[in-house]
Every structure is written in C-alpha cells, then in structure tokens.
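Visitor: My questions concern the predicted model and sequence given below.
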Amino acid sequence: MDAKSFYGSRPWNFLALVPEDPQDSEADLTMEELDVAPMSPPFTKKKKMAEKKDKEYFKRLFTDEMIQHIAHQTNLYSVQELGDLIKTNPGEIEDFLAMLLLMGVFDFPAMEDYWHPASRFNMIADIMPQKRFKQLRHYIHFNDNQQCDGSPDRFYKIRPLFEMLRKQCLLIPSTYKHSVDEVMVSYKGTRAGNLRQYIANKPDKWGFKVFCRASSSGIIHDLLLYQGPSVHILQSHLIEDKELMERGRGALDYKSAEGVLTVKWYDNKCVTLLSNACGIMPLTSVQRWSKDEKAKIAVPCPSLIAAYNQHMGGIDLSDMLVHLYKTPAKSRRWYFPLFGYVLDLCISNAWLVYKRDCGLLKEKPMPLKRFHLAVAHSLKQKCLPPRPPQPQPDVRYDNYGHLPLHTDNRGRCCLCPKGVSRWKCGKCNVFLCLIEERECFAAYHRK
C-alpha cells in the first residue's frame, strides 16, 4: 500500500517486506520478519506531534470531498422537499460536525438543553442557533433520491459516504495480520425494514450489521454494509456438524482453494473459520473440562484457531472506542445512525493512527477525549457574537436611569421567551418589549 496517498507528499522512509523477485512468495519471509513489519512509515525527521494538526488526521478520513458532497446533497434535498434552498455550505457543515462531536463528549438528556437558558452550554450553543441546527439535522442528506429510485442497493441513501470512507480506510498502511468481524450500529426504529438485524449476544442487539476488517491495533481498514442474505449455498464440501461431533472434541475438517483455507473444528460446539494467513499445522493442544472424566483434558487445536484468538481483538477495540464518545444519532431517518457511525469511526481511526505515529517518535499521545475535542474545535468556522452580560440585581432594581432606547436592529426580549423588540434599556443593555400587550420593560425592573 502506498503510504504517500494517505499521508500526503511529506517524505517518509517506508519499510516494506516485499520480495525483490515478484515470483517469490511470502513463504520466504520468516515469522519474525512478519511480526515486526511496521504499521506505518517512520518520520525521516523528528517533529513534535503537537505541531501536526489534529484536524489533518481527521481530514485524511473525513475528507473535504465528503463535506462538499454533504453540503451539495443537503441543498438539493431541501429544494426537492421545500422548493427552496436552505443555503448551507461546506463551512457550515463543518460547524455542524463540530457540534455533533462536542455533543458526543458532553451528553445532555435532550437536544434542546444545550440552548435552554437554565442549562445553556456555550461551547455548543455559540456555534449555531438551535433553529438552524435542527434545520440542518432535518435536511442533511447524502444521495439524490430521484436518481436512486428502483436501485437494488438498499443502502443507497448513505452509500456515497460509506464508499468515500472505505476508500480512505484502504489507504491506511497496515500490518499483515487482520481479522474480520461484525459490528452493530444501534437502531431500534422500524423504518429500515429487515435491514435492521438482531444479534442476541451484542451490547446493541438491534441495528445495522457492518462487516469490518481490522488490524490488531483496532484500525479499521475495510468495511461492508450487510443487506441481507444474497448467496445461497447449494452444497457444502465440509462434513456435517453431527458427524464431526460424533468423532469427539478436537475433530476437524478442512478444504482449501485459491489460497483460502476453510476449517471446521469441534470444541464445545462446531466453529467454522476462513483464513488466507494461517494453516492447520502445527497442531497445538488446549485444556478443556471433560464432564465424563471430571478433569481437564488436552484437546487438539489447529494453529489457525490460536492465531485468530490472538489477533481478533482489533474490531472489539474499535467498537469500544466508537462507543466512548458516541455521536447522538437518534432520528426518524434510519440512515442517520449510520452517518453517526461514519463520524465516530473517523475519529477512532484518526486517533489510532495518531497514537501509532506518536509511538514511532516515542512521544506520549494525547487521550482520546482530548483528541476528540481538539478535532471538534478545529472544525469550528465561526461563533455567534457573545451575549451581553446580565446586569447585577442592585443595578437592575435601583429605579434610577433606566431609559428605553430605540435601535435599528432587533433583539430577543430578555424577559419573555418569544418576544422580539427594537427597544432596549440604556443602563442594563438588554432588549425588552415595550408594547401594550407586553410591558416587559416595566416588569423587568420590578422585584
């Protein structure tokens, strides 16, 4: 894999264990060489990772192309639904992403709480008004509905975003040993039909199933959305489970073709594995409790099983990191949780790549939460002007010098929640209603 395409034009000394003769095979490489193969190119010059912007790591996965695509499709969808543009742009989409990332770290019971006067969270509320945030969240879109009618792809609404993310994940320099497992993206609604799966032994039992390929470090290098069974096996060349169980614990059967090995092994139950990295030999033995002999016995175990158990934790690690500061994605739109997963996976992968690069320089990486916040703050384009400070009670109620001033600009009334006025108190510097229906100016200055 070409590291330049992922890390950019910066010079690297990338050490790759590739045979000089293309006819040579990987069998010529020793296991020691395979184990120490670098996960990414080391720096040619030492440079503090603090000097390298956190946003750059995130943008290698969640690219500017993806942000521009979201802005374009959101505007297009608003025209199709409203007949008018909501006039968003890539900069505003970055603000929107920053707010979602901050909400993942600072979790409030309800979305409105971030803007409510009693619980206002300035770090989020100052980026964008609540009304505009909800409008963007309502109309955010990732594909043109009119071009997707009749498409056999059931994930067409989110497909472009997943394909762009997958393209970037494939560019990350990787190790030789990967494992494939399933990840559940939580969704409890019913609008997705049978795209929503149920897996009893998962923390998120209901949701969308995504197959991921990950290294043992937790970095996801490839992913596939599960749309339901599409392949029907007419005949399996492996023996049946019942026959294998009759042979006793440790019995196995295998087939291989085109460099891929299939193994069925009976332990407590029959398990089937696929691998293009490990074989059956050498056989090892594992200790298992025997109910008949009332003691532990040695059970033959193919080396493929031991290798899988050693390197299988990458996807579980990635899933754990994604859930630590999960983007709030509860929505009536079934594809919004998948968008939240894309955003969280970009943060997780970016942090793991950053942490790996720090390890190459023998520097201490920042924790995931700090990295998460640093990316969110770097995405913010602008903030709303700060609110004027509220007057002190002894000034507000002193009944001296409180004169109404008329202004060219309107402002939100400081007393009633829906009032908008051009009148403000010259001493308190707050807008107040001054009409017959609402005498907020007088009421504000009375105890």
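Guide: Thanks, I have the structure now.
Visitor: Any regions of the stretch 1-150 of the chain where pLDDT drops low?
Guide: 1-52 (pLDDT under 70).
Visitor: where exactly do the helices run in it?
Guide: Secondary structure of the stretch 1-150 of the chain (DSSP state H, counting those that start in this stretch): helices located at 4-7, 31-35, 54-59, 64-82, 90-105, 122-125, 130-139, 145-148.
Visitor: so can I have CSV of those showing distance to Val420 and mean neighbour count?
Guide: For glycine as for every other residue, the C-beta is placed from the backbone atoms N, C-alpha and C. Below are the helices of the stretch 1-150 of the chain laid out as CSV (distance: least, CB to CB, whole Å; neighbours: other CB atoms under 10 Å):
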stretch, distance to Val420, mean neighbour count
helix 4-7, 51, 16
helix 31-35, 68, 10
helix 54-59, 37, 21
helix 64-82, 24, 17
helix 90-105, 24, 21
helix 122-125, 19, 18
helix 130-139, 13, 16
helix 145-148, 36, 11
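Visitor: between these, which gets nearest to Phe371?
Guide: helix 54-59 (5.9 Å; CB to CB).
Visitor: out of the helices of the stretch 1-150 of the chain, nearest to Glu439?
Guide: helix 130-139 (26.9 Å).
Visitor: thinking again about what came up before, list just the one of the helices of the stretch 1-150 of the chain that sits closest to Val210.
Guide: helix 64-82 (17.6 Å).
Visitor: Just the C-alpha atoms of the closest one, please, in CSV.
Guide: The C-alpha trace of helix 64-82 is given here as CSV (Å, rounded to 0.1, in the frame of the first residue of the first chain):
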residue,chain,number,x,y,z
ASP,A,64,-13.1,17.8,2.2
GLU,A,65,-14.7,15.9,-0.7
MET,A,66,-17.1,14.3,1.7
ILE,A,67,-18.0,17.6,3.4
GLN,A,68,-18.7,19.2,0.0
HIS,A,69,-20.8,16.3,-1.0
ILE,A,70,-22.9,16.6,2.1
ALA,A,71,-23.4,20.3,1.6
HIS,A,72,-24.5,19.8,-2.1
GLN,A,73,-26.9,16.9,-1.3
THR,A,74,-28.4,18.7,1.6
ASN,A,75,-29.1,21.8,-0.5
LEU,A,76,-30.5,19.5,-3.3
TYR,A,77,-32.8,17.7,-0.9
SER,A,78,-34.1,20.9,0.6
VAL,A,79,-35.1,22.1,-2.9
GLN,A,80,-36.8,18.8,-3.6
GLU,A,81,-38.8,19.0,-0.3
LEU,A,82,-39.3,22.7,0.3
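Visitor: Taking helix 130-139 as reference, get the angle to it.
Guide: Counting by axes from the mean of the first three to the mean of the last three CA atoms, to 10 degrees, helix 64-82 points 90 degrees away from the direction of helix 130-139.
Visitor: What are the contacting residues of helix 64-82?
Guide: 84-90, 92-94, 97, 136, 139-146, 160-161, 164-165 (CB atoms under 8 Å, 6 or more residues apart in numbering).
Visitor: 7 Å instead, please
Guide: With contact meaning CB atoms under 7 Å, 6 or more residues apart in numbering, helix 64-82 is reached by 84-86, 88-90, 93-94, 139-145, 160-161, 164.
Visitor: before we move on, back to that, show me the one of the helices of the stretch 1-150 of the chain that comes nearest Leu360.
Guide: helix 4-7 (12.1 Å).
Visitor: now the contacts of helix 64-82: which count as buried?
Guide: For the contacts of helix 64-82, a neighbour count by 16 or more other CB atoms under 10 Å gives the buried set as 86, 88, 90, 93-94, 139-144, 160-161, 164.
Visitor: Give me the contact list for stretch 315-335.
Guide: Contacts for stretch 315-335 (CB under 7 Å, 6+ apart): 100-101, 103-105, 157-158, 179, 181, 183, 187, 189, 191-192, 212, 214, 218, 220, 336-337, 340, 343-345, 348, 368-369, 372.
Visitor: Buried ones among those?
Guide: 100-101, 103-105, 157-158, 179, 181, 183, 187, 192, 212, 214, 218, 220, 336-337, 340, 343-345, 348, 368, 372.
Visitor: Just those: which are in strands?
Guide: 179, 181, 183, 212, 214, 220 (DSSP state E).
Visitor: Hmm, Leu225 and the fourth one touching each other?
Guide: No - counting by CB atoms under 7 Å, Cys212 does not reach Leu225; the two are 10.5 Å apart.
Visitor: what sits against Val286?
Guide: 299, 301.
Visitor: mind checking how far it is from Lys296?
Guide: Distance, Val286 to Lys296, by CB to CB, to the nearest Å: 10 Å.
Visitor: ditto for Ala306
Guide: Counting by CB to CB, the gap from Ala306 to Lys296 is 18 Å.
Visitor: higher neighbour count, those two?
Guide: Ala306 (15 against 11; other CB atoms under 10 Å).
Visitor: would you say that one is within a strand?
Guide: No - using DSSP: H, G, I helix; E, B strand; the rest coil, the assignment for Ala306 is helix, not a strand.
Visitor: For it, list the residues it contacts.
Guide: Ala306 neighbours (CB under 7 Å, 6+ apart): Thr284.
Visitor: repeat for Asp54
Guide: 371, 374-375, 378.
Visitor: Which of those residues fall in helices?
Guide: Residues of those located in helices (DSSP state H): 371, 374-375, 378.
Visitor: between those residues, which is closest to Lys55?
Guide: The nearest member of these to Lys55, counting by CB to CB, is Ser378 at 3.9 Å.
Visitor: just checking, that closest one touches Lys55?
Guide: Yes - with contact defined as CB under 7 Å, Ser378 counts as touching Lys55 (3.9 Å).
Visitor: ok, now how distant is Val271 from Phe339?
Guide: 34 Å.
Visitor: Name the residue in those two with the higher neighbour count.
Guide: Phe339 (23 against 13).
Visitor: and Val210, what are its phi and psi?
Guide: Per-residue torsions, Val210: phi -130, psi 120 (degrees, to the nearest 10).
Visitor: so what's it closest to, chain neighbours aside?
Guide: Val183 (4.7 Å; CB to CB, 6 or more residues apart in numbering).
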